[in-house]
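[1] what shape does this take:
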Amino acid sequence: MTLFRSTRLLLAGAALAALATPAFALDGTDLVNKITAAMALEPGNIAVASVDVTGSTVTLKGMSVGDNKGGERLKVGDVKLQGVVALDNGSYTIEKAVFPDVNVTEEKSTFQISDMYLSGVIIPADTKAGTIDSLLFYQKAHSGPIRVTVEGKEVMSVTESTATTERAEDDSGLNFDVAVNGVKADLSSVNDAQAKETIDSLGLTQIDGTITMKGSWEIEPGTIDLEEYAFDFKNVGRLNLALSLSGYTLDFIKSVQETARATENTADPEAAKQAAGLAMLGLLQQLTFNSAEISFEDQGITKRGLDYAGKKQNVSGKQMAMMVKGMAPLMLAQLNMPKLQNSVSAAINTFIDNPRSLTISAEPQNPIPLPMLIGAAQAAPNTLPDMLGLTVSANE
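    This is a model prediction of the structure:
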């Protein structure tokens with residue numbers, strides 16, 4: 001999250017560039033105002049020591065990011081903008097925004113990231129238009145290798161990360177695709193004896209996999225379809241989440257931004273927190289739940305987990321599996337959900353006998369307003385399975 005948040009701020013900083021050629025001069029103030037409005041930032045959040053222009057390439061030297069309250073600022077460094085163009089409609093495009101490498105050391109830990117850039121950037125002319133043209137857009141966000149070392153030993157790394165967005169031909173929405181490749185973690189240096197035993201027993205000493213996300217957003221109804229949000233790790237398994245919500249409109253986003261801004265500008269933190277909570281409850285009225293699915297495809301972690309749990313109980317993995325199958329109905333009976341109890345028990349038995357896949361799906365007959373769903377969860381949780389159209393299956 002820190003990486004994505006930093007990328008967001010760096011993109012906003014790129015808007016401070018001023019482009020000059022013999023034919024025309026870019027209005028840097030106008031550009032700053034428009035990018036600030038698009039990113040819900042305030043004037044002064046981003047500062048540069050100087051701006052160097054060579055043709056259509058603009059170098060922002062000594063960029064820093066921070067608030068306007070005198071706090072510590074994040075030193076970004078020199079940012080190079082390539083192919084900056086001011087369009088007749090008042091919007092701006094940047095062919096490529098290249099950010100400096102990061103190499104930060106604190107005590108015994110070092111964080112490094114390189115080859116960061118955004119391409120195909122469009123800065124809107126009017127953020128209040130209420131259309132796709134009012135959004136700050138980029139075609140691709142990229143980062144190269146990421147490395148985290150502790151006392152000189154690499155404990156986590158990422159080979160490459162990319163995020164791409166594509167506008168629908170009729171400008172009705174966006175498609176997005178994110179891939180984080182070569183995610184590796186070395187947990188061999190964990191010092192806690194109990195944690196180390198668990199990690200070794202589950203075969204998690206060396207983790208290697210990918211994280212992917214795919215989906216779409218229809219702007220007018222505000223329908224977010226997260227088709228895939230998957231964590232796929234070798235010798236562990238693939239966990240995937242799919243979710244569909246409606247009501248995430250441009251007006252909704254604007255209201256959230258205004259609420260956050262009002263909270264930041266309130267002198268009394270406790271009052272601000274309470275006001276923000278009430279405001280968010282009101283905003284939730286606009287969201288509806290369409291469907292969701294959680295699935296897991298096993299690659300060995302289940303058997304190792306049963307063996308480890310059985311070892312703790314002085315039984316074998318097979319005996320532990322029988323214990324889980326026997327305890328599941330008793331635990332589910334306490335939920336007072338007979339239909340769900342039967343299907344979940346059957347799915348658990350099937351999965352434990354032959355761990356391949358386990359899927360939990362929620363497909364209500366009609367979209368459910370989010371406040372109604374929250375209210376049911378608090379007042380009558382046993383009604384949720386029928387309300388959500390909840391099903392559980394294994395090895396399908």
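
[2] now for I146, how many residues are close by?
    22 (other Cβ atoms under 10 Å). No exception for glycine: its C-beta is placed from N, CA and C like everyone else's.

[3] distance check, it against T164.
    Applying Cβ to Cβ, to the nearest Å, the value for I146 to T164 is 19 Å.

[4] now do G90
    Noted for G90: a distance of 26 Å to T164, by Cβ to Cβ.

[5] neighbour count: those two, which is higher?
    T164 (16 against 13).

[6] and the next helix or strand past the helix or strand hosting that one?
    Using DSSP states H and E, T164 falls within strand 160-167. Following strand 160-167 in sequence order, the next helix or strand is strand 173-186 (DSSP H and E).

[7] what strands line up against that following strand, and which way round?
    Paired strands of strand 173-186, with direction, are strand 153-158 (antiparallel), strand 160-167 (antiparallel), strand 206-218 (antiparallel) (DSSP bridges).

[8] what's the offset of it from the middle of its chain?
    10 Å (Cα atoms, centre = their mean, to the nearest Å).

[9] mean confidence for that strand?
    Over the span of strand 173-186, the pLDDT mean works out to 96.

[10] list the buried residues in that strand.
    Buried residues in strand 173-186, counted by 16 or more other Cβ atoms under 10 Å: G173, L174, D177, V178, V180, V183, K184, A185, D186.

[11] same question, stretch 132-139
    Applying 16+ other Cβ under 10 Å to stretch 132-139 flags I132, D133, S134, L135, L136, F137, Y138 as buried.

[12] what's the closest of those residues to G375?
    Closest approach to G375 among those (Cβ to Cβ): L135, at 32.9 Å.

[13] what's the pLDDT at that closest one?
    With respect to pLDDT, L135 scores 86.

[14] could you pull up the residues touching it?
    A38, P124, T127, L250 (Cβ atoms under 8 Å, 6 or more residues apart in numbering).

[15] dihedrals phi and psi, the residue lying closest to the first one once chain neighbours are set aside?
    In space, A38 comes closest to L136 once its chain neighbours are excluded; the distance is 4.0 Å by Cβ to Cβ, 6 or more residues apart in numbering. The main-chain torsion angles of L136 are listed as degrees, to the nearest 10 and equal phi -80, psi 130.

[16] which residues of the stretch 201-350 of the chain score low on pLDDT?
    264-269, 272 (pLDDT under 70).

[17] so where do the helices sit in it?
    Applying DSSP state H, counting those that start in this stretch to the stretch 201-350 of the chain gives helices spanning 250-264, 269-284, 301-312, 317-333, 338-353.

[18] could you export those helices as JSON lines, including distance to L226 and mean neighbour count?
    Output for the helices of the stretch 201-350 of the chain, formatted as JSON lines (distance: least, Cβ to Cβ, whole Å; neighbours: other Cβ atoms under 10 Å):
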{"stretch": "helix 250-264", "distance to L226": "16", "mean neighbour count": "14"}
{"stretch": "helix 269-284", "distance to L226": "18", "mean neighbour count": "13"}
{"stretch": "helix 301-312", "distance to L226": "24", "mean neighbour count": "17"}
{"stretch": "helix 317-333", "distance to L226": "28", "mean neighbour count": "15"}
{"stretch": "helix 338-353", "distance to L226": "23", "mean neighbour count": "17"}
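
[19] K61 is nearest to which of the ones you listed?
    The nearest among the helices of the stretch 201-350 of the chain, by Cβ to Cβ, is helix 250-264 at 28.7 Å.

[20] what residues does that closest one touch?
    40, 42, 130-131, 134-135, 219, 222, 272-273, 275-276, 279-280, 283, 286-287.

[21] 10 Å instead, please
    37, 39-42, 67, 69, 127-132, 134-135, 219-220, 222, 248-249, 269, 271-273, 275-280, 282-284, 286-287 (Cβ atoms under 10 Å, 6 or more residues apart in numbering).

[22] of the contacts of L135, just say which sits nearest to Y308.
    L250 (49.0 Å).

[23] quick one: low-confidence ranges for the stretch 51-200 of the chain?
    In the stretch 51-200 of the chain (pLDDT under 70), the answer is 68, 70.

[24] now with 90, please.
    51-94, 106-108, 123-136, 151-152, 171, 189-192 (pLDDT under 90).

[25] mind jotting down where the strands sit in it?
    For the stretch 51-200 of the chain, the strands defined by DSSP state E, counting those that start in this stretch cover 57-65, 74-86, 92-99, 102-106, 109-113, 116-123, 140-143, 146-150, 153-158, 160-167, 173-186.

[26] what is the distance between the fifth one and the centre of its chain?
    It stands for strand 109-113. Counting by Cα atoms, centre = their mean, strand 109-113 comes out at 21 Å from the chain centroid.

[27] so Y92 sits right up against V58, yeah?
    No. Distance between Y92 and V58: 11.3 Å, which falls outside the contact criterion (Cβ atoms under 10 Å).
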